[in-house]
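Peer 1: Predicted structure and sequence below. I'll ask about it afterward.
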Amino acid sequence: MTIMSLNQDSRIYVAGHRGLVGSAIWRELQREGFTNLIGRTRQEVDLLDATAVRNFYAATRPEFVFIAAAKVGGILANSNHPATFLHENLQIQSNLIHGAYQAGVRKLLFLGSSCIYPRLASMPLKEEYLLTGPLEPTNEWYAVAKIAGIKLCQAYRRQYGCDFISAMPTNMYGPNDNYDLQNSHVLPALIRKFHEAKQAGAATVTCWGSGAPLREFLYADDLGRACVFLMRHYSEEQFINVGCGSELSIRELAETVRRVVGFAGEIVWDTSKPDGMPRKLMDSSRLFALGWRPQVDLETGLRRVYADFLARQPGGK
C-alpha cells in the first residue's frame, strides 16, 4: 500500500470546502497544521464549467484533491429534480476528476454516498455489494451519479496510473448543514422542525414515514479525520466505507433530537409519506482494520449541531 507524503506545505484543494463535508475536511487539515489550503466558492469557480475547472487547476496546481462538492438533498429534492441531480453531479465530478488527471494531481479522494448500494442488500453493507441489485428509487439519480464517480476514479487509475481513490461515507451530520425543510436530509430537517415547534409552542411535530427505518450517522468532523487518514494511508482501486458501525431507528433519532432541542410536545408519524430504504448500515471493518475509529457520539454531535443551528438564526436563537 502506498503511503502518500502529505507535507505541511502541500498544496491541497478541497472542492466544496464551504459545505457540510468539505468544511469538516478543511477544519481537520487546519487542525493538523496544513498551511497551503485551496478553496473556491461556486461564484469563484463554476464546477459545472469544464474550462473554468481546467483553468483553475492550471493556476493553482494542487498536489492533493478532496472532492466533497456535489448537488445534494433528501428524498423530496431527489424525487422532484431527478435530471438536475444526475446531470449536475456527473458534470461536477467528471470536470474535477478529468481536470486533476490533466493537471498531474498526485492523489485524489472522491467522496460518494451510502445510497450507492442496492435497496435490499444484506446488512451490514460491504463494498463488494455494489451493483448487485436494484437501487432505492427515492435517490437512484444521485446514486447513479456517485457510482459513475467511483468508476471514473477506477478507470483513470487503470488507464493512466492515477492515484485516485474513493470513500463512501454513511449518513452525515454536523456544522454547516442544510436546514431547509424542502431539500435537506433527515437529521437537520428534524432539528429545524422541533426547534420551530418549540418556538411556536406547538403540541405536536409531524415526521415523515413510520419511524421504523434504521440509519447510521457519522459526525462530519469524524469524516474529516477519516478523509485525511485515507489520503495518507489508502491506495486501492476498491472504494472504502466510512461509518461508525452502529445504527438506530428514525423514531429513536427523532426522540433524541426532541430531547436535545427541548421540545415538550408529541411526535406524530405520517405513514402516507415514504420511508426510503428500510435499513442502511455500513460495514466499515476495512477502515477500522487500518486503525481509524470515530470519536464523537450521537448525543454530543447533536448538541454541537443544534448550537450551530441556533447560531445561524436571526439574533442567534
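Peer 2: In hand now; what should we look at?
Peer 1: Please work out which residues outside stretch 142-154 touch it.
Peer 2: The contact list for stretch 142-154, computed with CB atoms under 8 Å, 6 or more residues apart in numbering, reads 67, 70-73, 78, 85-86, 89-90, 93-94, 97-98, 108, 110, 112-113, 115-116, 130-131, 135-136, 162, 164-166, 237, 239. Every C-beta, even on glycine, is put in place using the N, C-alpha and C of the backbone.
Peer 1: Work out the gap between the helix or strand of the chain with the lowest mean pLDDT and the centre of the chain.
Peer 2: Taking mean pLDDT, DSSP states H and E as the measure, the helix or strand of the chain with the lowest value is helix 75-80, at a mean of 78. In this view, helix 75-80 has its centroid 17 Å away from the chain centroid, taken as CA atoms, centre = their mean, to the nearest Å.
Peer 1: With only the CA atoms kept, save it in CSV.
Peer 2: Provided in CSV are the C-alpha atoms of helix 75-80 (Å, rounded to 0.1, in the frame of the first residue of the first chain):
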residue,chain,number,x,y,z
ILE,A,75,-35.9,12.2,-0.6
LEU,A,76,-38.1,15.1,-1.7
ALA,A,77,-35.4,17.0,-3.6
ASN,A,78,-34.3,13.8,-5.3
SER,A,79,-37.8,12.9,-6.3
ASN,A,80,-38.7,16.3,-7.7
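Peer 1: Selecting buried members of the contacts of stretch 142-154 in ChimeraX, what would you type?
Peer 2: Buried subset of the contacts of stretch 142-154, written as a ChimeraX selection, criterion 16 or more other CB atoms under 10 Å:
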select :67,70,71,72,73,78,85,86,89,90,93,94,97,98,108,110,112,113,115,116,130,135,136,162,164,165,166,239
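Peer 1: What helices and strands are in contact with the least confident helix or strand of the chain?
Peer 2: Contact partners of helix 75-80 among helices and strands, from 3 or more CB pairs under 8 Å, 6 or more residues apart in numbering; DSSP states H and E: none.
Peer 1: rewinding a little: counting only strands, which of the contacts of stretch 142-154 make the cut?
Peer 2: Judged by DSSP state E, the subset of those located in strands is 67, 108, 110, 164, 165, 166.
Peer 1: Flag the shaky bits of the stretch 151-300 of the chain, pLDDT-wise.
Peer 2: 183 (pLDDT under 70).
Peer 1: 90 instead?
Peer 2: 176-187, 189, 208, 274-280 (pLDDT under 90).
Peer 1: Look at stretch 61-71 and report the distance between its end residues.
Peer 2: Terminal residues of stretch 61-71 are spaced 25 Å apart (CA to CA, to the nearest Å).
Peer 1: which of the residues in it are buried?
Peer 2: Of the residues in stretch 61-71, those buried (16+ other CB under 10 Å) are 62, 63, 64, 65, 66, 67, 68, 69, 70, 71.
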